[in-house]
Each structure stands twice: as C-alpha cells, then as structure tokens.
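Undergrad: Have a look at this fold, sequence not included:
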C-alpha cells in the first residue's frame, strides 16, 4: 500500500472535474486532483523516490517499488514553456515525500486563462487500486489517496 500525499494545498476533487479529457476520462491513470489555493507556493513530492521526469509544469516520481506518480500543475501549462515555475529539484534527484520540487503561483496560471487544477495520477494502475481518495480541503503533505 502506497500513501500518496497532496502536492499542493487546496480542495481535493475527482479527476472527472479536470477540464482535460486525458485526465478526466482516466486515460493517464486513476488518482485525484486538487483545485489549488490561489497563492504562490511550493509543490511537494507525493511519495519518496526518484524524480524520473521533471518539467516546470509536471513531474513524475517513481518509488522504490517501481510505482510512478504524475503531478501535473495546471492544464495546458506546457504552453507556458516554464514561465511562472521555478524548479527546486532536478531530474534524477532522490526526494522524500513532502520535499519541495517546484515553486509556482496558481493565481498567475488562472490569470493567464488556464485552469490551475492539479491532477495527481497513479501511472499504470488499475482504477480499483486507488482507494481512500480525499474529499475537500487538503494541505500540501496530507494524504490524498492510497494505492493498493
């Protein structure tokens, strides 16, 4: 069982609330999303492991058990080409759960006409393997869901 932590503070919502069918239809995998508080902050690693992929707007952390978690910061934020994001770690780094990886400002994302909602996805997981999904207000570092 892997406890997956909320990478940002905000309101936990289902993936169906994400305004992108790739996430809302579960094409990437099961998980949850967070509608973040609209203030600058740090995005933390949802699990302990190694940063497998790191882009300013998204990253994947793979745990020692081989399970990967994708954190995507906002929708269509790849178009920003890193503007508004600050990397606090590097691809290949070993991170602990709750360690800051990226700094960003969700209000700035929203002001630019994009959704700041953050999908958190269990990669290569079956939908029924993701349980105990949080609902409502979460702080960064709170448990978001469990991956059985």
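TA: All right, it came through fine. In this text the structure is predicted, and so the values were computed from the model without any measurement.

Undergrad: Tell me the spacing between residue 67 and residue 35.
TA: If you measure residue 67 against residue 35 using C-beta to C-beta, to the nearest Å, the figure is 25 Å. Where you see a C-beta, it was placed from the backbone N, CA and C, and this is true even at glycine.

Undergrad: what do you get for residue 25?
TA: Taking C-beta to C-beta, one finds residue 25 at 19 Å from residue 35.

Undergrad: Between the two, point out the one with more neighbours.
TA: Legend: neighbour count by other C-beta atoms under 10 Å for residue 25 and residue 35, higher for residue 35 (17 against 11).

Undergrad: If that one is in a bridge, with which residues?
TA: With DSSP bridges applied, residue 35 shows beta-bridge pairing to residue 11.

Undergrad: Quick one: neighbours of the nearest residue to residue 31 once chain neighbours are set aside, just the number.
TA: Taking C-beta to C-beta, 6 or more residues apart in numbering as the measure, residue 31 lies nearest to residue 121, with 4.0 Å between them; neighbours along the chain are not counted. Burial of residue 121, expressed as a neighbour count using other C-beta under 10 Å, amounts to 27.

Undergrad: quick one: contacts for residue 121?
TA: With contacts defined as C-beta atoms under 8 Å, 6 or more residues apart in numbering, residue 121 is in contact with 15, 23, 28, 29, 30, 31, 69, 70, 72.

Undergrad: is it fair to say it lies in a helix?
TA: No: using DSSP: H, G, I helix; E, B strand; the rest coil, the assignment for residue 121 is strand, not a helix.

Undergrad: Okay, and the beta partners of it?
TA: Here residue 121, judged by DSSP bridges, has bridge partners residue 31, residue 70.
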